[in-house]
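Engineer: Need coordinates for the following:
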Amino acid sequence: MEFFKVAVNFFRDGGFFLYPLALIFVVGVAISIERWFYLSKETVKNRALWDEITPLLQQGNFRQALQVAQGSDAQVATVLKYGIARIQHARRREDIEKAMEESLLEIVPRLEKRTHYLSSLANIGMLVGLLGTIIGLIAAFSAVATANPAEKANLLSAAISVAMNNTASGLFVAITLLFTHMILETKTTSLVDSLEIAVVKFLNAITERQGDAAAAAPAVASKAAPQVPPRPAPPGAPARSPA
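Structural biologist: Numbering: from 1, shown residues only. The predicted structure is shown next:
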């Protein structure tokens, strides 16, 4: 209850510019909460799907891995679907890597969506607070210039209080939103890095499978080659001694 009274008095004494600052702060907090839950949910889904698909990739069972990826809406599933679909048409690592990088170009903007608004709102909030401070100081000096000497001290203190309230509010909004922006940027970067690591591990799994297949091919070919028996020597020809 006491906090509520302090907040009401703060807004009442702060002047008009505290209301736009409050609106900026509410919008910034709403964006921060939405982005936090979205990124946290995507991180959990990606980790669960990757743990499920990793054994299939190690076994070279790409068909079943594709089925698992198609049944999920996680971001890493989109990346793997691009890569597995590309295997059917191209065998080179570079072609598969380009396809998966194309999927990242589609995913990363969704992960970074609305996060950059926080830095803009922080700057706007600080400037609005500064504007309220300047307006408060202008009102203070205008009141002092035309007021009676007995009232100058009271008018000056009231106007300076308005100016300082705006300064404090602008700094509070800016610091809070910049801090949340930093946290969300770190969380987004970590998620993007995990997707890039998944791409590298997927490409390495394909390269290992292709290397194993290439190594097994000569051995199979040598076992399947027919053994040609030596031709018999013609009658009367001297027998050749073994080398």
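Engineer: from here on, contacts and neighbour counts on C-alpha atoms
Structural biologist: OK.
Engineer: The residue lying closest to Asn166 once chain neighbours are set aside: neighbour count?
Structural biologist: Residue nearest to Asn166 in three dimensions, not counting chain neighbours: Gly129, with 4.8 Å by CA to CA, 6 or more residues apart in numbering. A total of 28 residues lie near Gly129 under the criterion other CA atoms under 10 Å.
Engineer: show me the contacts for Gly129.
Structural biologist: Contact analysis of Gly129 by CA atoms under 8 Å, 6 or more residues apart in numbering lists 17-18, 21, 166-171.
Engineer: how about stretch 92-106: buried residues?
Structural biologist: 96-97, 99-101, 103-104 (16 or more other CA atoms under 10 Å).
Engineer: Now do the contacts for the spatially most central residue of the chain.
Structural biologist: For the chain, the residue sitting closest to the mean C-alpha position, by CA atoms, centre = their mean, is Thr188 at 2.7 Å. Residues near Thr188 by CA under 8 Å, 6+ apart: 39, 111-112.
Engineer: just Leu49 next, same as before
Structural biologist: Counting by CA under 8 Å, 6+ apart, Leu49 makes contact with 69, 72, 74, 76-77.
Engineer: so it is in which element?
Structural biologist: helix 18-59 (DSSP states H and E).
Engineer: do Asn148 as well
Structural biologist: Counting by DSSP H and E, Asn148 is found in no helix or strand.
Engineer: Relative to Leu155, how far out is it?
Structural biologist: 10 Å (CA to CA, to the nearest Å).
Engineer: More neighbours: the two, which one.
Structural biologist: Per other CA under 10 Å, whichever of Asn148 and Leu155 has more neighbours is Leu155, with 19 against 11.
Engineer: was I right about that one contacting Phe141?
Structural biologist: No. Using CA atoms under 8 Å, Leu155 is not in contact with Phe141; the gap is 9.1 Å.
Engineer: Find the residues that touch each one of the two.
Structural biologist: Joint contacts of Leu155 and Phe141 (CA under 8 Å, 6+ apart) do not exist.
Engineer: Tell me where this protein has helices.
Structural biologist: Residue ranges of the helices in the chain, as given by DSSP state H, are 2-14, 18-59, 62-70, 75-87, 93-111, 116-146, 152-224.
Engineer: mind checking which helix or strand of this protein has the lowest mean pLDDT?
Structural biologist: Scoring the helices and strands of the chain by mean pLDDT, DSSP states H and E places helix 2-14 at the bottom, with a mean of 67.
Engineer: Where does pLDDT dip in this structure?
Structural biologist: Scanning the chain for pLDDT under 70 picks out 1-14, 88, 90-91, 146-147, 149-152, 209-243.
Engineer: that older thread, so how far is the helix holding Leu49 from its chain's centroid?
Structural biologist: Chain-centre distance of helix 18-59: 8 Å, with CA atoms, centre = their mean, to the nearest Å.
Engineer: swap in stretch 133-148?
Structural biologist: Chain-centre distance of stretch 133-148: 49 Å, with CA atoms, centre = their mean.
Engineer: what does it contact?
Structural biologist: 152, 155-160, 162-167.
Engineer: Then stretch 64-72?
Structural biologist: So stretch 64-72 is in contact with 49, 53, 56-57, 77-78, 80-81, 84, going by CA under 8 Å, 6+ apart.
Engineer: make it 7 Å
Structural biologist: Applying CA atoms under 7 Å, 6 or more residues apart in numbering, the contact partners of stretch 64-72 are 53, 56-57, 77, 80-81, 84.
Engineer: now stretch 19-38
Structural biologist: With CA under 7 Å, 6+ apart, stretch 19-38 has contacts from 118, 121, 125, 128, 170, 173, 177, 180, 184.
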